[in-house]
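Novice: just to be clear, the model below is a prediction. Sequence and coordinates:
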Amino acid sequence: MPKCSDCETLYSTIKCLDCENYYCLNCSNEHQRQHLLDLIDHKINWTINQLEKQLYNDLNIKYQRIIKSAYRWIDDLKINLDKTLKIIENMVKQRYDQMKIDINIYINNYIKRFESLRINVRHLKRTTTDNNDYNIKRLATIQSNLYEQFQNYTINFDLNYLTIDFTKYFNINEKFYQNNLQLITKYKEIDNKIQSSYTININSIIQYMCSSCLDLFIFITDLNYSKLIEYRTNMNSCSPLHTIDFPKHQICDIWWSKQLDNLLILTSKSVHKYDKYYRKITLMIKNDNINIWYQITTNRLGIFILCDNNLIEYYDYNNYQMKPYEQFINDKNIKLIHNIKGQEQLLALLIFETTDYWRFEIYSDKERLHTIKLDEFFRPPISFCGNEQDGWILPDIDKKRLIYITNNGEINDVQLLYEPNNVTILDDFTLVISTNKGRLVFYDNKRN
């Protein structure tokens with residue numbers, strides 16, 4: 001009887017059908033897990049290679065179809081339409097060039113997300129913990145959901161025959177839009193109250209919280225100590241994975257940047273990045289001005305830091321050069337910018353006005369898209385979070401509810417049974433809410 005390929009025991013009874021090696025009962029389960037992780041890794045690599053090919057093929061086919069349609073319309077006319085044809089070709093070409101830019105941004109965004117997921121898969125391969133089977137299933141679900149989201153991208157590019165002044169023959173009405181991916185978190189509801197899946201007691205004040213794939217980063221404080229801890233979520237559990245060695249009294253905020261694939265740790269005078277895969281901390285930006293930093297976020301455009309004087313500093317990803325985000329400097333109605341959060345190309349702000357009312361604003365590259373007035377009884381949380389490309393989730397402490405604000409400015413809410421003070425979403429759509437009493441409440445998305 002052949003020896004086990006891992007532990008070399010003589011009692012090897014199982015042959016792996018994938019690699020045809022022999023394993024004992026003790027080693028076979030872990031070996032099979034490694035094959036499953038290899039399969040997910042392979043699927044992610046295949047998906048990354050297919051992203052650009054899939055959308056560009058669709059784009060080119062529709063582009064050629066439009067050009068052929070334009071020529072058919074020209075042939076039907078009884079006068080010379082060379083000039084009009086040139087206008088049509090230029091319009092289609094300009095739109096095509098713009099499509100390529102938009103699609104390239106979309107593809108790069110998903111490549112970054114798949115690469116980040118791949119790192120987490122390979123990280124789990126090196127980690128031996130209980131309930132690894134459940135986390136493998138969650139990683140596979142994330143890969144499947146990401147690819148499904150990517151395929152929801154719609155290219156709708158049409159020419160419609162109409163009469164207009166500049167040619168007196170026909171007009172081109174082209175439409176190109178990206179489907180608003182419906183990633184609003186839908187959870188099990190009972191009497192308009194969402195039902196939690198499980199609850200974990202941290203037994204300390206949860207000051208800051210953010211998520212990375214299946215992991216949580218939590219900065220907890222108590223009377224005698226404070227800690228920045230990485231937690232690994234699992235099936236009905238959440239356990240400490242690693243305590244990050246950083247001067248705790250200096251931490252002002254934490255934020256997981258999907259663009260940098262690192263945890264950003266903010267102090268009043270510096271930004272550090274933490275690589276969770278190698279557990280390494282590096283100084284990234286040093287504050288050389290008089291402003292005191294106290295919040296940080298990122299989006300596709302760069303890094304945004306909120307200062308104590310309601311100034312927002314912007315740093316690009318190329319050389320981390322600071323540029324003032326001047327949109328808010330001259331707004332005399334602002335008493336306090338309480339919180340900022342970024343996602344995709346958007347930036348959201350929770351603002352306390354001089355009239356003692358709260359408002360929520362959504363910006364895209366310094367252009368204000370929407371302003372939402374909150375009611376007079378709103379009490380702000382420690383923080384809120386973005387829900388991918390679809391909107392924002394804002395806890396309301398006094399009314400024990402979550403306020404959901406879409407990127408179109410629509411607002412809804414759902415009741416809770418406790419006071420929420422912070423919220424984040426894992427990559428498998430698990431909603432995580434922290435309470436004032438040091439608890440983490442988890443809600444599994446019912447689609448999963």
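Specialist: Alright, I've got the coordinates. Numbering: from 1, shown residues only.

Novice: do I have it right that Ile296 meets Leu266?
Specialist: Yes: counting by C-beta atoms under 8 Å, Ile296 does reach Leu266; the two are 4.2 Å apart. Using the backbone N, CA and C atoms, a C-beta is placed for each residue, glycine as well.

Novice: need the overlap of contacts for these two.
Specialist: Contact criterion C-beta atoms under 8 Å, 6 or more residues apart in numbering; residues shared by Ile296 and Leu266: Asp253, Ile254, Trp255, Ile305.

Novice: show me the beta-bridge partners of the last one.
Specialist: Beta-bridge pairing for Ile305 (DSSP bridges): Ile296, Glu313.

Novice: how far away is it from His338?
Specialist: 15 Å (C-beta to C-beta, to the nearest Å).

Novice: the third one too?
Specialist: As judged by C-beta to C-beta, Trp255 and His338 stand 16 Å apart.

Novice: the two - which one has more neighbours?
Specialist: Trp255 (24 against 18; other C-beta atoms under 10 Å).

Novice: that one - that's part of a strand, no?
Specialist: Yes: counting by DSSP: H, G, I helix; E, B strand; the rest coil, Trp255 is located in a strand.

Novice: out of the shared contacts of Ile296 and Leu266, who's nearest Asp58?
Specialist: Of all the shared contacts of Ile296 and Leu266, Asp58 sits closest to Trp255, with 35.1 Å by C-beta to C-beta.

Novice: so where's the stretch 1-150 of the chain shaky on pLDDT?
Specialist: For the stretch 1-150 of the chain, residues meeting the criterion pLDDT under 70 lie at 1, 10-12, 73-85, 128-131.

Novice: quick one, helices of it?
Specialist: Assigned by DSSP state H, counting those that start in this stretch, the stretch 1-150 of the chain shows helices spanning 25-76, 82-125, 132-151.

Novice: and among those helices, the most buried is which?
Specialist: A comparison of the helices of the stretch 1-150 of the chain by mean neighbour count, using mean count of other C-beta atoms under 10 Å, puts helix 132-151 on top with a mean of 18.

Novice: and the angle from that one to helix 25-76?
Specialist: Using axes from the mean of the first three to the mean of the last three C-alpha atoms, to 10 degrees, the direction of helix 132-151 lies 0 degrees away from that of helix 25-76.

Novice: and the angle for helix 132-151 with helix 82-125?
Specialist: If you take the same axes, to 10 degrees, helix 132-151 sits at 180 degrees to helix 82-125.

Novice: distance between the ends of stretch 249-260?
Specialist: 25 Å (C-alpha to C-alpha, to the nearest Å).

Novice: no no, stretch 423-439
Specialist: End-to-end span of stretch 423-439 (C-alpha to C-alpha): 12 Å.

Novice: mind checking the SS state of Val441?
Specialist: Classified using three-state DSSP, Val441 is strand.

Novice: show me what contacts it?
Specialist: Going by C-beta under 8 Å, 6+ apart, Val441 touches Ser196, Thr199, Tyr418, Val432, Ile433, Ser434, Thr435.

Novice: ok, of the residues you listed, which come out buried?
Specialist: The neighbour count (16 or more other C-beta atoms under 10 Å) marks Ser196, Val432, Ile433, Ser434, Thr435 as buried among the contacts of Val441.

Novice: quick one: the strands in the stretch 101-250 of the chain, in order.
Specialist: Assigned by DSSP state E, counting those that start in this stretch, the stretch 101-250 of the chain shows strands spanning 189-190, 193-194, 198-201, 205-212, 215-221, 226-234, 237-243.

Novice: tabulate those strands (CSV), appending distance to Glu20.
Specialist: Shown next, in CSV, are those (distance: least, C-beta to C-beta, whole Å):
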stretch, distance to Glu20
strand 189-190, 50
strand 193-194, 49
strand 198-201, 41
strand 205-212, 37
strand 215-221, 35
strand 226-234, 32
strand 237-243, 35
